[in-house]
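>>> Here is my input, please return the structure:
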Amino acid sequence: MHVGLDIGTTHISASVVDIQKCKVIDTPSYLQKRVISQTRGAYEEDVETIENHVLAILSSIKEPIESITVTGQVHGILYYDKDFKAISPLATWLDNRSLIKVDGDTIETLFYKETGISLPPGYGLLTHYANERLNLVPESAVGFCGILEYITGRLIGKEITKSDPSCLGTYGAFDPITKKFNKSVLDTVLHHDMRAPFEASNPFEIAGYTKEGVAVTYPVGDNQAGFFGMIDSVTSTALVSIGTSGQLSFFSTSTNCDPNMELREFLGLGYLHVGATLSAGKGYETLKNFFKDIYLQITKKEIDDNQLFDIMKASVLKKNGDEDIICEPLFIGTRKNPQIRASFTQIDLDNFTMGNIVESVVDGIVRELSLFMPHASEAKATLSRIVATGSGVKKNYLFPRSIEKVFSISPTVAQVDDGAAIGAALVGAIATKMCSMEEKDFIVRTLISG
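Below you'll find the predicted structure:
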């Protein structure tokens, strides 16, 4: 069995893939929670809890494991000591400490003034720079890394010095073409003998082995793992992923990427051109919390989240008014403008209903992704298929309906819950030479069709 571990923002889960039967045989999962921080703008999670959940998941798998590949949330960092033991929480990709002002400027602005490079909040080098400015770097820290590199190293019992380029790009100042960090930026940002970020590993390279002898590959970013696990025909298919955040991705061998999108290295096969949003599923969850508070205020009782989600879906069938409410669901801004916020417009006397509000948020989430298409001219010319993935897409018919409405293409909804974990498992299968690329494509077609 090949295991893909997905260390997400809200869940830590695994897909156990039997490549002989083209089947996911188990999907153990744990909830992941934010921890309270004294740092303004921080969004942190407990590293020890994450590691314990990973070990519990692996111990629950009864079948022999042939490979493990870690994927999941990227951009964030944690600090480790000389024994490669975490000595700080994980500051996640949602962390906004870089927006704190120092000497009249935000730390993000100061970073730009010193390096000439603009990074969105949450990127690893910017978060470290912010910690330096705020005196938050632990004294015994010798380096920092993402949670994917940390868990990979812990599984094989040693510090790793390489990572897949899909992870390295999320630190910032990394060139996906040369696969090198900008040395002048590193020289500016790294102080106190702090170790530089990792070198790029080769595609499908094994990092080491667990004490039980299981192969562990270098980690892969969740966007690339999800594309690998959900797309078989790369040249004409776009992947729409709606999880905590949202992503529109398409494959290309061209490095000519519009500045409104990100160029990401893709497992040595080419590149992904990616448009990423910050608050997709998180925005829908925010709306749920709003209705939940109303329910509590009226009834003085709590309501189960799943029950409330069902009520929200049903409310769309009871729409009123002729004009649609327009929602820009930018609850935590955009990567280029993290300080912009959400808005609702076109509200009138008749359409201000629960159903209209719910539909406006769903359509707004999908529309924000669709706005990347005019910039993706290559994809727009050849696009004939959309694969939609993410638990929200599978469980909530409103999202695939909106994708069809906004993109004018009926999406193929992947009949699996975690494409990134599946893709990670397939990376491990190829790394251990248990699977070819052609066999991988057949497995993907079988899995997404259910």
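
>>> roughly how far apart are Ile151 and Leu94?
19 Å (Cβ to Cβ, to the nearest Å). Backbone N, C-alpha and C define where each C-beta goes, glycine included.

>>> nope, Gly8 is what I meant
Using Cβ to Cβ, one gets 12 Å for the distance from Gly8 to Leu94.

>>> Point to the helix or strand of the protein where mean pLDDT is at its lowest.
Ranking every helix and strand in the chain by mean pLDDT, DSSP states H and E puts helix 377-382 at the bottom, with a mean of 60.

>>> Can you name the next helix or strand after that helix?
The C-terminal neighbour of helix 377-382 among helices and strands, as given by DSSP states H and E, is strand 385-389.

>>> Show me what that next one is packed up against.
Applying 3 or more Cβ pairs under 8 Å, 6 or more residues apart in numbering; DSSP states H and E, we find strand 385-389 packed against helix 222-230, strand 237-242, helix 398-407, strand 412-413.

>>> average pLDDT across it?
When pLDDT is averaged along strand 385-389, the result is 88.

>>> Show me the contact partners of that strand.
For strand 385-389, the external contacting residues (Cβ atoms under 8 Å, 6 or more residues apart in numbering) are 226, 230-231, 233, 236-242, 399-400, 403, 407, 409, 411-414, 416, 419, 448.

>>> Kindly report the same for stretch 390-410.
Under Cβ under 8 Å, 6+ apart, the answer for stretch 390-410 is 240-243, 280-281, 284, 309, 313, 316, 358-359, 362-363, 365-367, 370, 373, 383-386, 388, 411, 413-419.

>>> What subset of those is buried?
Buried members of the contacts of stretch 390-410, counted by 16 or more other Cβ atoms under 10 Å: 240-243, 280-281, 284, 309, 313, 316, 358-359, 362-363, 365-367, 370, 373, 383, 386, 388, 411, 413-414, 416-419.

>>> The spatially most central residue of the chain and Gly226, how far apart?
Nearest to the mean C-alpha position of the chain, by Cα atoms, centre = their mean, lies Gln73 at 4.6 Å. Per Cβ to Cβ, Gln73 is found 12 Å from Gly226.

>>> Ok, Ser408 next?
Relative to Gly226, and taking Cβ to Cβ, Ser408 is found at 23 Å.

>>> same deal with Leu90?
Remark: distance between Leu90 and Gly226 (Cβ to Cβ) = 21 Å.

>>> what about the two, which has more around it?
Shown here are Leu90 and Gly226; by other Cβ atoms under 10 Å, Gly226 has more neighbours (30 against 25).

>>> Need the pLDDT of the residue lying farthest from the centre of the chain.
Most distant from the centre of the chain: Leu349, at 38.8 Å, with distances by Cα atoms, centre = their mean. Per-residue confidence at Leu349 stands at 90 (pLDDT).

>>> Count the residues that sit near Leu136.
Other residues lying near Leu136 total 17 when counted by other Cβ under 10 Å.

>>> who's in contact with it?
Applying Cβ under 8 Å, 6+ apart to Leu136 gives the contacts 39, 130.

>>> what's the burial count for Gln210?
In this structure residue 210 is Thr, not Gln. 15.

>>> Nearest spatial neighbour of it, chain-adjacent residues omitted?
Excluding its sequence neighbours, the residue lying closest to Thr210 (Cβ to Cβ, 6 or more residues apart in numbering) is Leu155, at 5.6 Å.

>>> quick one: the helices in the stretch 101-250 of the chain?
All helices of the stretch 101-250 of the chain, identified by DSSP state H, counting those that start in this stretch, fall at 107-115, 124-133, 147-156, 165-168, 183-189, 222-230.

>>> for those helices, which one sits closest to Arg34?
Counting by Cβ to Cβ, Arg34 lies closest to helix 147-156 out of the helices of the stretch 101-250 of the chain; the figure is 13.8 Å.

>>> Can you show me the CA trace of the closest one as PDB?
What follows is helix 147-156, C-alpha atoms only, in PDB (Å, rounded to 0.1, in the frame of the first residue of the first chain):
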ATOM      1  CA  ILE A 147       5.600  21.400   8.200                       C
ATOM      2  CA  LEU A 148       5.900  19.100   5.200                       C
ATOM      3  CA  GLU A 149       9.700  19.000   5.400                       C
ATOM      4  CA  TYR A 150       9.600  18.700   9.200                       C
ATOM      5  CA  ILE A 151       7.200  15.700   9.200                       C
ATOM      6  CA  THR A 152       9.200  14.000   6.400                       C
ATOM      7  CA  GLY A 153      12.400  14.400   8.400                       C
ATOM      8  CA  ARG A 154      10.800  13.100  11.600                       C
ATOM      9  CA  LEU A 155       9.500  10.100   9.800                       C
ATOM     10  CA  ILE A 156      13.000   9.100   8.700                       C
END
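
>>> could you give the mean pLDDT of that helix?
Across helix 147-156, the average pLDDT comes to 96.

>>> number of nearby residues for Arg40?
Using other Cβ under 10 Å, Arg40 has 10 other residues around it.

>>> do Thr255 as well
13.

>>> same deal with Pro329?
Using other Cβ under 10 Å, Pro329 is surrounded by 28 other residues.

>>> Next: the one 4 residues further on.
When neighbours are defined as other Cβ under 10 Å, Gly333 has 19 of them.

>>> Quick one: residues contacting the closest residue in space to it that isn't next to it in sequence.
By the measure of Cβ to Cβ, 6+ apart, the closest residue to Gly333 outside its immediate chain neighbours is Ile340, 4.8 Å from it. Ile340 is in contact with 330, 333-334, counting by Cβ under 8 Å, 6+ apart.

>>> Can you name the helix or strand that Ile340 falls in?
Using DSSP H and E, Ile340 is not contained in any helix or strand.

>>> so what's it scoring on pLDDT?
On pLDDT, Ile340 comes in at 90.

>>> Gly229 too?
You'll see Gly229 listed with a pLDDT of 91.

>>> got it, and Val24?
Val24 carries a pLDDT score of 89 in this model.

>>> Sketch out the low-pLDDT regions of the stretch 1-150 of the chain for me.
Across the stretch 1-150 of the chain, nothing is flagged by pLDDT under 70.

>>> Need phi/psi at Ile77.
The phi/psi pair for Ile77 (degrees, to the nearest 10) reads phi -140, psi 160.

>>> Does it touch His128 like I think?
Yes. Judged on Cβ atoms under 8 Å, Ile77 makes contact with His128 at a distance of 6.1 Å.

>>> Can you check which residues contact both of the two?
Jointly contacting Ile77 and His128 under the rule Cβ under 8 Å, 6+ apart are Phe144.

>>> if we can go back for a sec, I'd like to know which of the helices of the stretch 101-250 of the chain lies nearest to Ser15.
helix 222-230 (8.3 Å).

>>> Would you mind getting the angle between the closest one and strand 237-242?
If you take axes from the mean of the first three to the mean of the last three Cα atoms, to 10 degrees, helix 222-230 sits at 120 degrees to strand 237-242.

>>> buried ones in helix 222-230?
222-230.

>>> same thing with stretch 282-290?
Quick answer for stretch 282-290 (16+ other Cβ under 10 Å): 282-285, 287-288.

>>> Kindly report the same for stretch 118-130.
119-130.
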